Structures are given as C-alpha cells and as structure tokens.
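Novice: Sequence and predicted structure, then a few things I'm wondering about:
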Amino acid sequence: MDTIKTLILNRFKILSLLTVSMALSIILLMVRIKIHQSFYLLFLVWNLFLAIIPFAITTLISSKIKLHKVTLFLTFGVWLLFLPNAPYIVTDLLHLTRTNQHFLWLDILVIMSFAFNGLLLFFLSLFDMEKLLKQHLHPKLMTPLMLGIFGLSAFGVYLGRFLRYNSWEILHQPLDIIVDAVILIIEPNLEAWVFTLTFASFLAVSYWLVKALSHKII
C-alpha cells in the first residue's frame, strides 16, 4: 500500500494528465458509439489497457530504492514483450478503411486520440527504462540498445498487426512465433522489412524529438 501511495505522489501530475487524456479518448469513443449505434471501435479500450502495462512496469520498478541488476534485466525482458502494445494502436488507423464515411472525421479523431495515448505511454515507459539501464550499463551500449528496442518494438507491432500474435502467446506457443519470426527475417518479405524499418525510424525520431523537447521545456 505504501508503495502505491509513493507512486501516486511522485507521479501525480503525469498520472493526472494521462488519466484526463485517456478519459477524453473514451468519451470520444462513447460519442462515436452513440452516433453510429455501433460498438465497432470498442476494441480500442482493450488495446489502450495493454498499452498501459509497460508503463505500469517501469513505474513500479522506478519506485524501488535499490534495484538489483538481475531483477532489472529480468523485468526488462518482460517489459520488452509488452512494449509493442503501446505503439501498436497507431496501426489501428487501418480500420478507417472499414468505417462508415458518415462522420469519418470522428472515427479519425477517436483512433488518433487512442494512438496518441499509446505513443505517450510508450515514450514515458521508455524514458524510465533508459534511465534505469544507464545505471547498470556502459554509456556506449545505450545507443545500440535503444536502436534495438525500437527495431524489436516495430517488429513486434508487425507480428501483432499482420500475423495476429499477442504478447502473452510467447508463453503458449513460443515455437510458432520463433519460426514465423525467423522466416520473416530469412526470407525476402518486403512488407515485413519495410514496415519494421520505417516504423522503427518513426518511433526513434519521435522519441528523441519528444525527449529533446521535454528537456527544453524543463
């Protein structure tokens, strides 16, 4: 209980702003449901919940006064499995091709709102993890590690969006995921490579830009 109180007190401002932003997304979705009389985009709420998990993980371990290196690296592995869920919501824009053209702008606003929150959670979680890793790793390792995180996140989004894998399926059917991933890497799958490289570049540039702007504002 004390840990939860400490977390809330230390991050009251950011948690409050995130709550307001996510509440707005849900309100927009409710407006959309009311107008269209359809629950079609309701899955965005579940996707947003999954996007919260990596941020919750880094928020929790950041509150620890002393964090053992082994604990950090084990947590890092779990965190990395769930991290793609945050930027994944950006690809939900593909659902616009199936929506009614009437009030299309509202559907765009709803999905963009959820995607924005997903990216915010991705950036905030990565801020935390980068700070934690810097305490245990040599500075020269950080840049290639961060690039690897962006690449793996983008590849994870591809596996989720186009091969329909979920983060927890690494526990239920790890062999299937590994085989499909190896095939995508070895065989010349243009879509997989282009998506991974472009989406990873988008995440990297966005992250470093937001990080630079946050330091400028502060």
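Specialist: On my side now, so go ahead.

Novice: how close does the residue most central in space within the chain get to G160?
Specialist: Central residue of the chain (C-alpha atoms, centre = their mean): A86, 1.7 Å from the mean position. Using C-beta to C-beta, to the nearest Å, we find A86 at a distance of 11 Å from G160. All C-beta spots, glycine's among them, are computed from the backbone N, C-alpha and C.

Novice: Likewise for I27?
Specialist: 26 Å.

Novice: now swap in E130 and tell me
Specialist: Relative to G160, and taking C-beta to C-beta, E130 is found at 23 Å.

Novice: So for these two, which residue has more residues nearby?
Specialist: G160 (19 against 16; other C-beta atoms under 10 Å).

Novice: Next up, the contacts around that one.
Specialist: P84, N85, Y88, N166, S167 (C-beta atoms under 8 Å, 6 or more residues apart in numbering).

Novice: Thought N47 was touching the second one, still the case?
Specialist: Yes: with contact defined as C-beta atoms under 8 Å, N85 reaches N47; the gap is 7.2 Å.

Novice: shaky segments in this structure?
Specialist: 1-10, 65, 171, 216-218 (pLDDT under 70).

Novice: Okay, buried residues for stretch 150-162 please.
Specialist: F150, G151, L152, S153, A154, F155, G156, V157, Y158, L159, G160, R161 (16 or more other C-beta atoms under 10 Å).

Novice: In a markdown table, list those along with distance to L203.
Specialist: As requested, these are exported to a markdown table (distance: C-beta to C-beta, whole Å):
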| residue | distance to L203 |
| --- | --- |
| F150 | 5 |
| G151 | 9 |
| L152 | 11 |
| S153 | 6 |
| A154 | 6 |
| F155 | 11 |
| G156 | 11 |
| V157 | 9 |
| Y158 | 12 |
| L159 | 15 |
| G160 | 14 |
| R161 | 14 |
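
Novice: circling back: please enumerate the shared neighbours of N85 and N47.
Specialist: G118.

Novice: Number of residues surrounding L184?
Specialist: 19.

Novice: tell me the SS of it?
Specialist: Under DSSP: H, G, I helix; E, B strand; the rest coil, L184 falls in the helix class.

Novice: Thought V194 was touching it, still the case?
Specialist: No: in this structure L184 lies outside contact range of V194 using C-beta under 8 Å: 11.8 Å.

Novice: ok, which stretches of this protein are helices?
Specialist: Counting by DSSP state H, the chain has helices at residues 2-10, 12-36, 43-62, 69-82, 85-88, 104-134, 139-162, 169-172, 174-186, 190-217.

Novice: if we can go back for a sec, just the buried residues of stretch 150-162 now: which is nearest H68?
Specialist: L152 (23.8 Å; C-beta to C-beta).

Novice: Cross-check the contact I'm expecting between the closest one and F82.
Specialist: No: counting by C-beta under 8 Å, L152 stays clear of F82, with 11.9 Å between them.

Novice: Redo the helices of the chain as a markdown table? Include distance to H95.
Specialist: Output for these, formatted as a markdown table (distance: least, C-beta to C-beta, whole Å):
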| stretch | distance to H95 |
| --- | --- |
| helix 2-10 | 34 |
| helix 12-36 | 12 |
| helix 43-62 | 9 |
| helix 69-82 | 22 |
| helix 85-88 | 12 |
| helix 104-134 | 7 |
| helix 139-162 | 11 |
| helix 169-172 | 22 |
| helix 174-186 | 23 |
| helix 190-217 | 17 |
